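>>> Predicted model and sequence below, questions to follow.
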4 protein chains.
Amino acid sequence: MLIVMHSDATTEQVEDVLKLIRDLGFKPHAMPGATRTAIGVTGNPGPIDPGNFEFMPGVAEAIRVSKPYKLVSRDLKHEDSVIKVGEFNIGGSQPAIIAGPCAVESFEQTMEIAEVVAANGVNFFRGGAFKPRTSPYSFQGLGEEGLKILAEVRNRFGMRIVTEVVDPENVDLVEQYADVLQIGARNMQNFSLLRRIGQTRKPVMLKRGMSATLDELLLAAEYIMSEGNYEVILCERGVRTFADHTRNTLDLSIVPAVQGLSHLPIIVDPSHGTGRRDKVTPLARAAIAVGADGIMVEVHCHPERALSDGPQALLPDMFTKLVEEVRSIHQVIEQVEANKLN
Amino acid sequence: MLIVMHSDATTEQVEDVLKLIRDLGFKPHAMPGATRTAIGVTGNPGPIDPGNFEFMPGVAEAIRVSKPYKLVSRDLKHEDSVIKVGEFNIGGSQPAIIAGPCAVESFEQTMEIAEVVAANGVNFFRGGAFKPRTSPYSFQGLGEEGLKILAEVRNRFGMRIVTEVVDPENVDLVEQYADVLQIGARNMQNFSLLRRIGQTRKPVMLKRGMSATLDELLLAAEYIMSEGNYEVILCERGVRTFADHTRNTLDLSIVPAVQGLSHLPIIVDPSHGTGRRDKVTPLARAAIAVGADGIMVEVHCHPERALSDGPQALLPDMFTKLVEEVRSIHQVIEQVEANKLN
Amino acid sequence: MLIVMHSDATTEQVEDVLKLIRDLGFKPHAMPGATRTAIGVTGNPGPIDPGNFEFMPGVAEAIRVSKPYKLVSRDLKHEDSVIKVGEFNIGGSQPAIIAGPCAVESFEQTMEIAEVVAANGVNFFRGGAFKPRTSPYSFQGLGEEGLKILAEVRNRFGMRIVTEVVDPENVDLVEQYADVLQIGARNMQNFSLLRRIGQTRKPVMLKRGMSATLDELLLAAEYIMSEGNYEVILCERGVRTFADHTRNTLDLSIVPAVQGLSHLPIIVDPSHGTGRRDKVTPLARAAIAVGADGIMVEVHCHPERALSDGPQALLPDMFTKLVEEVRSIHQVIEQVEANKLN
Amino acid sequence: MLIVMHSDATTEQVEDVLKLIRDLGFKPHAMPGATRTAIGVTGNPGPIDPGNFEFMPGVAEAIRVSKPYKLVSRDLKHEDSVIKVGEFNIGGSQPAIIAGPCAVESFEQTMEIAEVVAANGVNFFRGGAFKPRTSPYSFQGLGEEGLKILAEVRNRFGMRIVTEVVDPENVDLVEQYADVLQIGARNMQNFSLLRRIGQTRKPVMLKRGMSATLDELLLAAEYIMSEGNYEVILCERGVRTFADHTRNTLDLSIVPAVQGLSHLPIIVDPSHGTGRRDKVTPLARAAIAVGADGIMVEVHCHPERALSDGPQALLPDMFTKLVEEVRSIHQVIEQVEANKLN
C-alpha cells in the first residue's frame, strides 16, 4: 500500500496517517519528495483496504502496489534520491567518485593511496578492513586496525569512508568508523545482514550479486529499507557469464533499468566489473555515459605487491586521467539532460 | 601442508606430529583413513618446510599442497567420506533420500507429509523453519515453532532432520533441534556463517551457490572444515543460465568432478534444480545414475496451497514412484561399480 | 492450423483434405499416428478459418495452433516418433547408441575404431568428414574421401552412418554416403542449411546450439519439417555457462522438457557435453536414466594422436563398459515405464 | 608466420617475398602500414622456418605467430584499420553511425525512415532484405525487392548501404546492391558463409555470436581475411545471460579487449544489445564512451507496426537526440585521446 499526500497536506495530516498505520499494526515509511510526501506501508500480512485512508484529510490517493517491491519504487518517490554522506552527496547532479585500495594492508600503503586519491579532488575513499575471501587461507583484512587507518584517512584528507561489513556481529564496530557501509556481492542475499544494516542510520552501498536479477537487487534494497534505513545506493559490479576476456561481464544496461523503476542512485564498479586494469578507464567512461550516479574504482601505488586483486588496481597516473575523463563526459551528459528538460 | 603417516604408525607418533604442529602455532586436522592417517595443516601464513616433519617417526611423507583447498581434497583422504547422521549414513553404499516440504507451514501439514515420506522407508526429513526469501514481505518461516515440529517428526517417525540455518545468531538454536544443518545456495559464500557452522559438530549440508564454480564450492566446504567440522555433504541444486525451460539448470557433471577432487559426499536437489514437478523424477533418476550419494526432494500433499515453491513439490504418489525408481537405478549402479572393482 | 481426422477416416477423405489445403495455396503435412491421422498446415500468411475444414467428411477437429511451432508439436502427433534408419530405429523402446571418432582421420584409424564399436553390438557409427572448426587453420576434415571411408564402415560392419553436413552445397554429396545427416550446434540456426536438409528425405540429427533455448531448438526442427522432411532427431550437447569444470554444461532437463512438448526423439552427446573423458560415462548413464532415446559418444583408439577433441574420446575398454552400463540402466527405465502403464 | 619488412623496403623486395611464399605453396597477405609493410603467411600445414625469409633483402624480421589468429592481430598490423566504404570510413577519427529499420518492409516505410536518418547527417543506412528468423513462419524479408529499395535509398540520399547476407548462394546477389555485407550473430560460425564472403572484396560487418568468446569472434574474422578480404568490421550486439531486464546483455568490455588484440574496427549495436527502446540511447552513449568505432541502431517511424523487433526501434525524435548525444560524447573522447598522445 502506498499513500500519496496532497502537496499542501499539513504535518499534522501526515502524522495522522502515520498514526493510523501504526495503530493497524503496520509500519509506515514516510518519503518526503519535492512536491508531496508519500507513505509506504509494510508489515501487513495481506492487502489493506484503501478505504481506510483515502478519505482522510490531506490524502490524495491510496494505491495498492502490484510490484514485489514498494519502498525502492519510483511509484513511492518520483524524484531521484540523493544520499547525503556528511557534506557530500551520492546521486544528484555530480557523479560520485569513490576510490582506494581493495584492502587496507598497512598504514603506509593506505596513506600513500589516500594522498593520490585526495589530490584528484575525490570525496570518497574506499578500502576493505574485513575482506570476504573465497579461500579461508587468504588474507582476510586487518579488522578494527584497518578501520582505524580508514578513520585517519578521513581526518587527514577529509574524504568520506566507504568500507565493507561482512557480518551482522560487526555492524556496530564498522558503523563507528565508516561513513558508508558496503554490502558485497556475495552478501547481497545475506538477509540477516541486510536487516541488521537496515537498523542502522548510515548510508549503505549494496552491490549486485554475481548472478542477481534486477528484481532480486531491488528486493535486497527493500530488505534494508523495510527496516527503516532509506539511504541505499546500488552498485553494478559485473555478472558471471561464459565470457573470458574479463573476470566478470559488466552489465551497464542495469543502470537505465534501475533508474526506470527506482528512485535510488546507482553507481558502477568497473574494477571488479572487468578485473583488468586496462579496461577500467574505458568502462568507467561508459558508466558515466550510460547515466550512472558515480563510479567506484580501485587504486594502488604498487599493485604487484597488493594482497588482493592487484591486476585490477589503477596506478596513480591512470587514476588521474580517469578522473579527468569521467568529469569531461559527465559535463556532456549534464548538458544533454538539461537540453531534454528544455 | 599434508602429512601422511605410515600405515603402522602408532597413536603416540600421530600425537607427536599433532603436538609439533600446534607448537609451531598452526592447526592440525587429523583424518583417519582405512589404511593410514593423514594430517592437514592450516593456519600457516606461508609455506612450511617439510623438513620439520619428514624425519619424525611414523611419518611417511610431508607434502606441500598446491591446490587452494586442502581438507576437502582427496590428496588428504583417499577414501570416500561417509557422514554419520545418527544411525544412518550419507555417502557410502546406499543413496540417501531426503524429502519433505520446502517450508514447515503448520503441525498438520508437516505430519501429513512426514507420514508419506516415512511410509516409503526414507531416513531423512527436510523442512525449512527459517526461510531465506527474495522478498522481505514473503513468508519467512515459523522459526523455533517450526523447529519443534521437526523434532516431533523425528520422535514420531524416527527420521533424521535436515533444516536450514540462515544466520550465525541462530546456529545455537537450530543445532538443538536439527540432525543436519543446511546452508542454502544464497549463503554459500556467507563466510561468517560458514565459520560459525564449522565450530559446531553437527553434519552440514552445503548447497552450491547459484553461480558458484567447483573451486568456490570446495573452498566454501574448506571454510567449514578449517574450523574443525569435517562432516560436510555437498549439494548440487542447479545454476543460473539463459535457459528458460527450467528454473535453474541442473549441472550433474559436477558430481563426477567433485568425486575426482574431494572425498566428501555429494547429493543432488532436483526440486530446486528444475523448479517443475514433472522434471523432478527424471532428474532424480539421472542424479543417481551419474553417481550422486543421494537426492533431496520436496514433497507436499497440497502443493497448490504451499507457502513457497509449490510448483516443484511432488505429490505423494509421485514421490512413492520416485523412491522405487531411484532404488532400482541404484542397484544397477552398485553392480556396475562392483564389476569395476573385480 | 491442425486438422485431426477421425480414426476411421478413409484414405480418400484424407486426400480430399490435403487437396483443399493445396488448393488454398498452403502446404499440408500428413502425420499418420497409431489411432488417427493429423494434418498440419503451413505456408498460410495468417490464421485460417477452421470452418473451411471442420465439416468435411472424416474431419474430427480443426484447431488453431497457438504455439510458434506446429509440426514438431505433440498436439499434431501424440505418439512418440520413431525414426527408421535402414533396419534400425532411433526412438522407441531401445536406446540408440551412436559412436565413433570425432573426425575421420584416415582409413586405418576409422576401421580400427569401427571394429571396436561394432564389437559392442552398436548400430550407428559417427565420424566427421566435414569438420566445422573455430580456426580456419585447423584440420577441416577429409571431405569426400572421408565419406567414402564411412561408406566402407557400413559395408564391412553393417552399422548405419551419422555424419555432419556443414554447407547447403554439400548436401547432395553427403546424402549419397550418409544414413543420418547431422547438423552441428554452430549451424542450428543456419536457416538455409536447415531448409536445404528439409528437402532431403534422409533422417536428420539436429544438435542444440550452444546457447539455444528450448523454443529455438524446436523451431529449428520446424524449419526442417516445414520443408517436408519429418525424420528429425534432436540432440542435447551442452550449453555455455560460467562453469569451468567441464567444457560445456550438459542440460539433461531438456530431455523431459522436449518430450512434454514434442513427438520427436531426443538423444544426448556427453562427449561434447563435458569435453572430458572421465565424465562421459557417468553422464551417459544419467542421459539414459533421464529418459533420452539414445546417446552419441566419441571413441578413439589413440586419443593422444586425435586431430580434434582427443581429450573427450573414450578408449575402447571404457566404451565397452559404457555400453554395458547404459544397457543395464535402460532395462530399469523400461520396467519403470512399463509399471507406470500398468 | 609474420614477415615484417624494413620501412625503406622497395616494392620489388616486397614482391620477392610474396613470390617466395607462393612458390612454397603458401598464401601471402600483405598489410601495408603507416611506416612499414607486414606480410602474413597462411596455408602452411605446420611451422615455417624463419630462416627462409630473414636474410632476404628488405626483410626486418620473420616471426612465428603463437596466437591462433594471425591476420586480425595487431602483431601483423600495428595501426588501427580504417575501412573505406565509398567516400566514408568506418574506423578512424569519426564514429560511424549506421541506422535504419530492422527489416525493409516496403518502399514507403523504408524511404520514410531513410529521410529521417539522412536528415541527421548519417552516412550509413541499414535494413534487412534477407532476415534470419527463429520461426520458419515469420516474415523472412523481401529478398531482391528489398535490395532494390535499399539501392534506391543510396541513390536518393547518398547513404551507404549495410545489409545482411544469410546464405552463400545469395552472396553474388547481395553484393550487387550492398556497400557493406553484414553477417548476423547466428551465422558467426557459419564457416562456409564466412569463406564465401572472404572471396568478395566488399567490406564485411561481422556480428558477435550470442555466446561467442573473444577468440571465436576474432577467428571468425580470420576466416574471412584468410580468403583475402581484409575489410572486416566487428560488431558487439549483446550476449545471452540469465539477466532478464534486457533481451541480451551488452558486453561493452569487448571493445577495449578487441582493440588490444586486433587492428580491426569494432562497433556496437545497442538495439539488439538491449531489445528495449528506452535503453538504446544510454547504451549508445556508453558505446562511444568506451571507445567503439561507431554504433548501429534501429529506427522506425511506426514501430508498433514493424514486422520485426518493433520494441527496440527508436522513434525519429529519439534518434535525433541520440545522434547529438553520441557526437558530443565523441568530441570529449577525441580530446581525451589527443591529450594522451601529447
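Yep, that arrived.

>>> Quick one: name the residues of the stretch 201-342 of chain A near chain B.
A:210-211, A:215-216, A:219, A:222-223, A:226, A:240 (Cβ under 8 Å from any Cβ of the partner chain). Quick note: C-beta positions are derived from backbone N, CA and C, even for glycine.

>>> Just want the phi and psi numbers for A:Asp293.
When quoted as degrees, to the nearest 10, the phi and psi of A:Asp293 stand at phi -80, psi 0.

>>> What is the burial count for the residue lying closest to it once chain neighbours are set aside?
Counting by Cβ to Cβ, 6 or more residues apart in numbering or on different chains, A:Pro265 is the residue found nearest to A:Asp293 once chain neighbours are left out, at 4.0 Å. Burial of A:Pro265 is recorded as 25 neighbouring residues (other Cβ atoms under 10 Å in any protein chain shown).

>>> Quick check, pLDDT for A:Pro265.
In this prediction, A:Pro265 carries a pLDDT score of 98.

>>> likewise A:Ile63?
Predicted confidence (pLDDT) at A:Ile63: the value is 87.

>>> residue contacts, it?
The contact partners of A:Ile63, by Cβ atoms under 8 Å, 6 or more residues apart in numbering or on different chains, come to A:1-4, A:50, A:75.

>>> Surely A:Ala103 touches A:Phe139?
Yes: applying Cβ atoms under 8 Å, one finds A:Ala103 in contact with A:Phe139, separated by 6.8 Å.

>>> what is in contact with those two at once?
The contact sets of A:Ala103 and A:Phe139 overlap at A:131, A:307-308 (Cβ under 8 Å, 6+ apart).

>>> between the residues you listed, which is nearest A:Lys279?
Ranked by distance to A:Lys279 (Cβ to Cβ), these are led by A:Ser308 at 18.4 Å.

>>> ok so, going back, among the shared contacts of A:Ala103 and A:Phe139, who's most crowded?
Neighbour-wise, the shared contacts of A:Ala103 and A:Phe139 (other Cβ under 10 Å) top out at A:Lys131, 22 neighbours.

>>> between A:Ala103 and A:Phe139, which one's more packed in?
Higher neighbour count among A:Ala103 and A:Phe139: A:Ala103, with 26 against 15, using other Cβ under 10 Å.

>>> what sits against the more buried one?
Applying Cβ under 8 Å, 6+ apart, we find A:Ala103 in contact with A:127-129, A:131, A:139, A:141-142, A:146, A:306-309.

>>> so which of those residues also contact chain D?
The overlap between these and the neighbourhood of chain D (criterion: Cβ under 8 Å from any Cβ) is empty.

>>> Helices - which of the residues you listed land there?
Taking DSSP state H as the definition of helices, those contribute A:Gly146.

>>> picking that back up, quick one: the contacts of A:Ile63 as JSON lines, columns for distance to chain D too.
Written out in JSON lines, the entries for the contacts of A:Ile63 read as follows (distance: Cβ to the nearest Cβ, whole Å):
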{"residue": "A:Met1", "distance to chain D": "26"}
{"residue": "A:Leu2", "distance to chain D": "22"}
{"residue": "A:Ile3", "distance to chain D": "28"}
{"residue": "A:Val4", "distance to chain D": "24"}
{"residue": "A:Pro50", "distance to chain D": "30"}
{"residue": "A:Asp75", "distance to chain D": "17"}
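
>>> of those residues, closest to B:Val117?
Where these are concerned, and distances follow Cβ to Cβ, B:Val117 has its nearest neighbour in A:Met1, at 39.8 Å.

>>> quick one, what contacts that closest one?
Contact criterion Cβ under 8 Å, 6+ apart gives A:40-41, A:44, A:47-48, A:50, A:53, A:62-65 as the residues in contact with A:Met1.

>>> List just the nearest of the residues you listed to A:Val14.
When these are compared for distance to A:Val14 (Cβ to Cβ), A:Phe53 wins out at 11.9 Å.

>>> is it true that the closest one touches A:Leu20?
Yes: under the criterion of Cβ under 8 Å, A:Phe53 lies in contact with A:Leu20, with a separation of 7.1 Å.

>>> Of the two, which one has the most company?
For the pair A:Phe53 and A:Leu20, the greater number of neighbours falls to A:Phe53 (22 against 16), based on other Cβ under 10 Å.

>>> If anything else comes up later, I'll come back, but that's it for now.
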